[in-house]
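J.: need a 3D model of the sequence below.
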Amino acid sequence: MSYARSRLWLGVSGVGLIVLLSLGCLWRQVPSSFLPQGVTGSVTDVLALGGLFLSLVAIMAPLDFLGGYLLPNRAGPQTIRAKSFLLRWLRGISIQGVFFLTASLLTLTLGRWYGNVGASASVLFLCVFLVTFQLQLGRLAGSLGQPKQWSSADRDRVVAATHLTSAYGWKPRDLVLLTHQDPGFTGGVVGLPGREQIVLPAGMLNRLSSDELAATIARRLEAIDDGSRTRGLIVGFAWVLIGFNLSAMLPGAGVTSVAELSMTCLGFTLWTFLGLLTLP
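T.: Got it, this is the predicted structure:
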């Protein structure tokens with residue numbers, strides 16, 4: 001099985017696992033039985049949220065090991081050392097854990113003060129925050145780095161590619177090259193509309209000619225220039241807000257306690273799965 005197909009099956013398995021667990025916990029209303037239902041902030045909320053995140057880490061750890069260590073090592077050509085993987089993994093879940101707790105507490109606080117309107121404002125703020133600092137958060141959580149040195153051939157290839165895209169009529173954008181041990185890393189477009197940056201894996205320079213590199217960059221420039229990425233962000237934000245509010249209306253769900261918010265998140269996970277099937 002190819003690396004791409006093995007990653008596909010791993011993704012399908014991971015999504016299926018999370019969806020089935022969410023559906024089961026939602027059906028049985030598990031959060032209402034085990035999590036705090038108080039509507040005032042306390043240390044218990046923080047402990048409960050921390051326990052939830054550690055439970056999620058335990059569930060996802062085998063999939064992280066397969067996708068971040070075993071499959072890339074099988075695909076090659078570079079070998080990821082176990083110690084390096086573990087350190088990067090711990091760093092990634094630490095960043096994610098901080099964001100998880102901060103986002104949860106912010107949503108709970110505004111939800112208790114202003115109800116669904118306050119919680120929705122929190123969710124919208126978090127969406128904008130994630131897109132604004134997409135590159136920085138990706139580098140922190142994904143252990144992405146910038147090349148320490150460029151060969152003259154790589155530099156010439158990048159310059160030639162950017163000149164070609166300009167000659168074709170595309171507006172130049174900031175180009176960020178990042179290194180990563182995962183051969184599946186492909187980069188993308190990051191940043192708010194009007195401040196977009198093009199991210200490419202540094203290893204791509206060794207595999208593509210100037211023409212091929214220019215075509216790769218041009219595809220991403222076109223997604224920006226024709227407005228499709230901006231429209232995608234707007235639809236994505238709307239999808240998140242609509243789904244969050246619908247999920248908060250489910251039996252036992254809400255935004256004023258850890259138990260209610262957890263029920264809301266379970267429902268929102270199913271809504272996200274629906275988006276995965278339809279939005280692309």
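J.: how about the helices in the chain?
T.: In the chain, the helices defined using DSSP state H lie at 3-28, 30-34, 43-65, 71-75, 82-132, 134-142, 152-168, 210-225, 228-248, 258-278.
J.: what number of residues lie near the residue lying closest to Arg157 once chain neighbours are set aside?
T.: Nearest in space to Arg157, with sequence neighbours left out and distances taken as C-beta to C-beta, 6 or more residues apart in numbering, is Ser210 at 5.1 Å. For the C-beta atoms, the positions are set from N, CA and C on the backbone; glycine is no exception. Residues near Ser210, counting by other C-beta atoms under 10 Å, number 17.
J.: and what of Ile242?
T.: The number of residues packed near Ile242 is 12, by other C-beta under 10 Å.
J.: distance of it relative to Arg229?
T.: According to C-beta to C-beta, to the nearest Å, Ile242 and Arg229 sit 20 Å apart.
J.: just to revisit the earlier point, and among the helices of the chain, the most buried is which?
T.: Greatest average neighbour count among the helices of the chain goes to helix 258-278 (a mean of 19), per mean count of other C-beta atoms under 10 Å.
J.: so what touches it?
T.: Residues from elsewhere that reach helix 258-278, judged by C-beta atoms under 8 Å, 6 or more residues apart in numbering: 15, 18-19, 22-23, 25-26, 29, 31-32, 34-37, 44-45, 48-49, 52, 104, 107-108, 111, 239, 243-244, 246-248, 250, 252-255.
J.: Arg7 and Leu66 touch, don't they?
T.: No. Arg7 is not in contact with Leu66 according to C-beta atoms under 8 Å; the separation is 9.4 Å.
J.: list of residues touching stretch 66-74?
T.: Against stretch 66-74 from outside (C-beta under 8 Å, 6+ apart): 3, 6-7, 10, 14, 78-80, 82, 85, 88-89, 181-184.
J.: between those residues, which is nearest Gln146?
T.: Gln181 (14.5 Å; C-beta to C-beta).
J.: ok, Val190 to Ser94 distance?
T.: For Val190, the distance to Ser94 (C-beta to C-beta) stands at 21 Å.
J.: I misspoke; the intended subject was Leu140.
T.: Taken as C-beta to C-beta, the span from Leu140 to Ser94 is 9 Å.
J.: which pLDDT does the model give the residue nearest to the spatial centre of the chain?
T.: Here the mean C-alpha position of the chain is nearest to the C-alpha of Gly138 (C-alpha atoms, centre = their mean), at a distance of 8.0 Å. If you check Gly138, the pLDDT there is 90.
J.: excluding its backbone neighbours, what's nearest it?
T.: Closest residue to Gly138 apart from its sequence neighbours, by C-beta to C-beta, 6+ apart: Leu144 at 6.0 Å.
J.: based on its surroundings, how many neighbours for the one you found?
T.: 20.
J.: isn't it right next to His180, touching?
T.: Yes. Using C-beta under 8 Å, Leu144 is in contact with His180, at 5.4 Å.
J.: need the contact list for the closest residue to Leu177 other than its chain neighbours.
T.: Spatial nearest neighbour of Leu177, excluding adjacent residues (C-beta to C-beta, 6+ apart): Ala202 at 4.4 Å. Taking C-beta under 8 Å, 6+ apart, we find Ala202 in contact with 146-147, 177-179.
J.: cheers, nothing more for now.
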